[in-house]
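Engineer: Here is a sequence together with a model predicted from it:
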Protein chains: 2
Amino acid sequence: MVDKEAFRKKIIISAGQIFSRYGFRKTTIEEIAKALKMGKSSIYYYYRSKEEIFEAVVLHEANILRNELTTAIKAVESPVDKLKNYVFVRMKAFEKLSNYYNAIFDKNLDHFDFVEAIRARYDREELAILRLIIYLGARRKVFKVNNSEYTAMAIQTTLKGLEVPLFWKKKEMDIDSRLNAILDVLFYGIVNA
Amino acid sequence: MVDKEAFRKKIIISAGQIFSRYGFRKTTIEEIAKALKMGKSSIYYYYRSKEEIFEAVVLHEANILRNELTTAIKAVESPVDKLKNYVFVRMKAFEKLSNYYNAIFDKNLDHFDFVEAIRARYDREELAILRLIIYLGARRKVFKVNNSEYTAMAIQTTLKGLEVPLFWKKKEMDIDSRLNAILDVLFYGIVNA
DNA sequence: CGAATTATCGAATGATTTGTTCGATGGCTT
DNA sequence: AAGCCATCGAACAAATCATTCGATAATTCG
């Protein structure tokens, strides 16, 4: 027993790649095992079930997303760029994660509750980040907003609305230009003339 | 009975998207049917089996590839650019088709024989195209080659060698720069100084 | 060395999925 | 209304898959 925890991490890294490519349903334990050059029964020495692996993967990805978002908004100075970076990083991450989602919601609508829990927590964190960006922008008079809280919520709603076509259409959608259009609208309605 | 053939085409278009995303094994008839908003048994009114759909899809994609290649080499004038375009279009197409392949060769090594047939015919066509490009380049003294036939075969061998890492590694490979490197080597060994 | 424990494996299994069939039915056209 | 056309749901057999378990190889440790 040298480093069991390290190998558990190797599993979620490897499984994460496969899950993100094929989704939960279409990913088999044997694929995960073969990617690690093991027999599939050996996987169960580290995790109790496929669901448990999936949970670990989602948790891991959520942490990565959180880090990417914070570094992305720290990377630039102006509130406009902060908000831009935030939206872009968030959307690119969700695009990558879309397979996880349409895998979950595909057949069995009884979606795992831990995903809901992560989601709820993430929503709160996102709102806090947005509120901060808006607040700083307003304080510097770059944004004209009356209430940072409600404005942040409005933006969050818009972003959530974007997720739907992102997940379900997949094809025939130029996500980048659409994103830019939304940001334009957002800014022209927000930025001081 | 208005246009049964048109609907068969709609099926292979829709099925082609799913096959290219998930491969043969992971694609289910129900998915194909649902994408067309039909019951899965209705599919069998148009095609006899999943394999038959797959065969139609591969045939269709092969024709598209052929068209893309010919228009790509007609689009430019110089033999160098023709060869460049050819290689790039070919590789991008194979990247898209890689799912089909690793789906076939994944488990059952008894690969469908119609794929082999298409493959063989495509190989001959490719050789003819390459030979023509090389021949025209040599005639214009842009290429220095002794035998167009053998040079074309050498290039084809190189391209085939590129397919292997393209199909199996998938990650951690910068295909574009690698392609450029190969083209550089190819040209510096071929172009008149 | 040899015993104990750690890690891996193949085979077995029970549940689920999935390709395919078939008979029924609703909507056309004539 | 009669007859084909297209679609469907139910049914089924075969295949797939997650999970378990006992055995065994590898490693640690006395």
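Structural biologist: Perfect, thanks for sending it. Numbers count the residues shown, from 1 in each chain, chains lettered A, B, ... in the order given.

Engineer: Got phi/psi on residue A:143?
Structural biologist: When read as degrees, to the nearest 10, the backbone of residue A:143 gives phi -110, psi 150.

Engineer: Name the nearest residue to it, ignoring sequence neighbours.
Structural biologist: residue A:137 (3.7 Å; C-beta to C-beta, 6 or more residues apart in numbering or on different chains). The way it works is simple: take the backbone N, C-alpha and C, and place the C-beta from them, glycine included.

Engineer: Counting neighbours, what do you get for the one you found?
Structural biologist: When neighbours are defined as other C-beta atoms under 10 Å in any protein chain shown, residue A:137 has 23 of them.

Engineer: Pass me the low-pLDDT residue ranges in chain A, would you?
Structural biologist: Low-confidence segments of chain A (pLDDT under 70): A:1-2, A:99, A:101-112, A:164-178, A:181-182, A:185, A:189-193.

Engineer: Helix, strand, or coil at residue A:45?
Structural biologist: With DSSP: H, G, I helix; E, B strand; the rest coil as the basis, residue A:45 sits in coil.

Engineer: ok, the residue nearest to residue A:143 touching residue A:152?
Structural biologist: No. Look at residue A:137 against residue A:152 with C-beta atoms under 8 Å: they stay out of range, at 10.8 Å.

Engineer: near DNA strand D at all, the helix or strand containing residue A:41?
Structural biologist: Using DSSP states H and E, the element containing residue A:41 is helix A:40-43. Yes. Helix A:40-43 lies within reach of DNA strand D by C-beta under 7 Å from any atom of the strand, at A:40, A:41.

Engineer: Show residues contacting that helix.
Structural biologist: A:11, A:29, A:30, A:32, A:33, A:34, A:36, A:53 (C-beta atoms under 8 Å, 6 or more residues apart in numbering or on different chains).

Engineer: Neighbours of the nearest residue in space to the second one that is not next to it in sequence, how many?
Structural biologist: Same thing as residue A:29. Leaving aside its chain neighbours, residue A:29 sits nearest to residue A:40 (5.0 Å; criterion: C-beta to C-beta, 6+ apart). By the criterion of other C-beta under 10 Å, residue A:40 has 14 neighbours.

Engineer: ditto for the one 10 residues further on
Structural biologist: A count of neighbours around residue A:50, defined by other C-beta under 10 Å, yields 17.

Engineer: Quick one: residues contacting it.
Structural biologist: Residue A:50 is in contact with A:24, A:29, counting by C-beta under 8 Å, 6+ apart.
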